[in-house]
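In: got a structure for you, letters missing:
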């Protein structure tokens, strides 16, 4: 991960040899492309994460690019480009199929895999070996005739009633066992078939078995970076060097390893690693409303049971444990290896981060002093809040608030506002409403808004600053307000104060980058909320027009299919199979979209 002076990720890359790969960026600098010259000119530091295989590096690169959206990464490979193997366990007689869409529908998904050919072969192999049901029908009326797969002995004839659920379930369990890494039984059987075919000189059959074995072995490689469970979990590892103690936190969200952070810990020489782990977990997670279900450690703290009870109160159950086997054990091993490799540089990184924070603090102090707003931050660094408005021609207008402490985003304090009292595209009025609600709730003692900022950086110029000052003056709050004005190319050019004074940022590169980061973040946060709200309202307005489809069935269809396009493309049988649906409601949906194909 290539980072700039503010510590923002500007490029993510992978390589077998990072030393050789990084060297390429700086050799022949004058002959490189404009993009590469711009990248190298902005690199201030590197951070790396060690993976166990090239496959894991590929998946992790995709996850990190999706998370950070670095400006110098042009190609973003979305997870949907990777195939999954789906076992439809929600059906009485599950099928094994390939899919590229991951849904939370009660079925079992395995992957994603990068080898599409291997996935195709394995799906065909499992269907052939176990003679699985291949059609999407879940009910078979009287007089139903078996399809061609039954007659060519590629299906055991579920529709004829000749197979019990218990016998079928045994084969499904074997399939799930293979897909979760227990592939030996299946490959051993294929190997025996291959050797038998070779002995009988059926060489084409032997070659087919050989290819199936290769596909099975390729698919069974543990892909720990993108896990199957889809759960949220963290990995907490203590790291000590000669002078300092740290805790390295690996975050897994929706089953994906998405990042790593290190935290410096004040400790004595005699403190045990388990003490560092336990104290960190208590102090770090006690501030968060959403604690992951599982926290992986290399050794349980002595008071782990008490910590679990504390973190789980009024929330979901939290488990702190040492995995003994499987994907989680492999993930912990990878994290331990990576933490050991970064131990030599973690102290230097911490010093650099402190210097960076101090430099930014001095820049903000200097600017506020020049504008007659001199003040010291309440904490170690300035707490900065920024606000932005997003709407479509005044429709579905929303506001967003982001919080920075120094260079760090404090996402747990981010807030979203649905504008209620302002109609039409009135950004100034919307800003006043949002700020009034934010600071009135703080005055009433709302803990979600209790901490006040040291200063406010508005995304905009004098108009936005004036609107904010009006609200603060009405509430008798003395908080400096700064506007971040852009030029015609939408680049931050200056800081604007309420009296019209401007501070040019051309000669202040650290503050220039900092303001650009804040503007990008608050704009992103506002746009995401607006798009989700606008899209949800648009979807609801279409489905709510269908006779017989109320809110419950509408939500059931959206949960099962994910989008209106998918609902439109589904067959009546598939629609009827969704929870809460029946044949009459499914036919109503199909007739609606036939009558209104443009919806």
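Out: Done, it's in. What you see is a predicted model; the values in this text were computed from it and never measured.

In: list the contacts for residue 179?
Out: Counting by C-beta atoms under 8 Å, 6 or more residues apart in numbering, residue 179 makes contact with 85, 87, 108, 110, 219. Heads up, the C-betas are built off the backbone N, CA and C, glycines and all.

In: tabulate those residues (JSON lines), appending secondary structure, distance to residue 323 and pLDDT.
Out: JSON lines is the format used below for these (DSSP: H, G, I helix; E, B strand; the rest coil; distance: C-beta to C-beta, whole Å; pLDDT from 0 to 100):
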{"residue": "85", "secondary structure": "strand", "distance to residue 323": "24", "pLDDT": "85"}
{"residue": "87", "secondary structure": "strand", "distance to residue 323": "24", "pLDDT": "91"}
{"residue": "108", "secondary structure": "strand", "distance to residue 323": "20", "pLDDT": "86"}
{"residue": "110", "secondary structure": "strand", "distance to residue 323": "19", "pLDDT": "78"}
{"residue": "219", "secondary structure": "helix", "distance to residue 323": "23", "pLDDT": "55"}
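
In: and which of these is nearest residue 296?
Out: Closest to residue 296 out of the contacts of residue 179 is residue 110 (21.2 Å), distances taken as C-beta to C-beta.

In: was I right about the closest one contacting residue 85?
Out: Yes - assessed by C-beta atoms under 8 Å, residue 110 is found in contact with residue 85 at 4.5 Å.

In: would residue 51 count as being in a helix?
Out: No - using DSSP: H, G, I helix; E, B strand; the rest coil, the assignment for residue 51 is coil, not a helix.

In: for the residue nearest in space to the middle of the chain, give me its contacts.
Out: Nearest to the geometric centre of the chain sits residue 253, at 5.8 Å (C-alpha atoms, centre = their mean). With contact taken as C-beta under 8 Å, 6+ apart, residue 253 is in contact with residue 232.

In: specify the beta-bridge partners of it.
Out: On the basis of DSSP bridges, residue 253 is bridged to residue 256.

In: thinking again about what came up before, show me which of the contacts of residue 179 is closest to residue 524.
Out: Of the contacts of residue 179, the one sitting nearest to residue 524 (C-beta to C-beta) turns out to be residue 110, at 32.4 Å.

In: any idea how far the residue nearest to the centre of the chain is from residue 423?
Out: 37 Å (C-beta to C-beta, to the nearest Å).

In: same question, residue 172
Out: 56 Å.

In: tell me which of the two has more neighbours.
Out: Neighbour count, other C-beta atoms under 10 Å: between residue 172 and residue 423, residue 172 has more, with 22 against 12.

In: is it true that the more buried one touches residue 90?
Out: No - using C-beta under 8 Å, residue 172 makes no contact with residue 90, being 12.0 Å away.

In: nearest to residue 406, of the contacts of residue 179?
Out: Nearest member of the contacts of residue 179 to residue 406, counting by C-beta to C-beta, is residue 110, at 42.1 Å.

In: what is the neighbour count of that closest one?
Out: For residue 110, the count of nearby residues is 21 (other C-beta under 10 Å).

In: just the closest of the contacts of residue 179 to residue 532, please.
Out: When the contacts of residue 179 are compared for distance to residue 532 (C-beta to C-beta), residue 108 wins out at 28.0 Å.

In: the closest one bridge partners, please.
Out: Under DSSP bridges, the beta-bridge partners of residue 108 are residue 87.

In: check what pLDDT residue 170 gets.
Out: Looking at residue 170, its pLDDT reads 81.

In: for it, give its distance to residue 176.
Out: Counting by C-beta to C-beta, the gap from residue 170 to residue 176 is 11 Å.

In: so which of those two has more stuff around it?
Out: residue 176 (16 against 12).

In: and that one, which helix or strand is it part of?
Out: Using DSSP states H and E, residue 176 sits within helix 165-179.

In: in whatever helix or strand comes next after that helix, which residues are buried?
Out: Per DSSP H and E, helix 165-179 leads on to helix 184-199 as the next helix or strand towards the C-terminus. For helix 184-199, burial by neighbour count (16 or more other C-beta atoms under 10 Å) applies to 186-187, 190, 193-194, 197.

In: farthest-apart pair in the residues you listed, please.
Out: Largest pairwise distance in the buried residues of helix 184-199, by C-beta to C-beta, is 16.6 Å, between 186 and 197.

In: need the pLDDT of the residue of the chain most remote from its centre.
Out: Residue farthest from the centre of the chain, counting by C-alpha atoms, centre = their mean, is residue 200 at 52.6 Å. Residue 200 carries a pLDDT value of 89.

In: quick check: the gap between it and residue 212.
Out: Here the criterion is C-beta to C-beta. By it, residue 200 lies 18 Å from residue 212.

In: try residue 515
Out: 58 Å.

In: which pLDDT value belongs to residue 55?
Out: So, for residue 55, pLDDT stands at 65.

In: kindly report the same for residue 272.
Out: pLDDT, residue 272: 80.

In: tell me how many other residues crowd it.
Out: 13.
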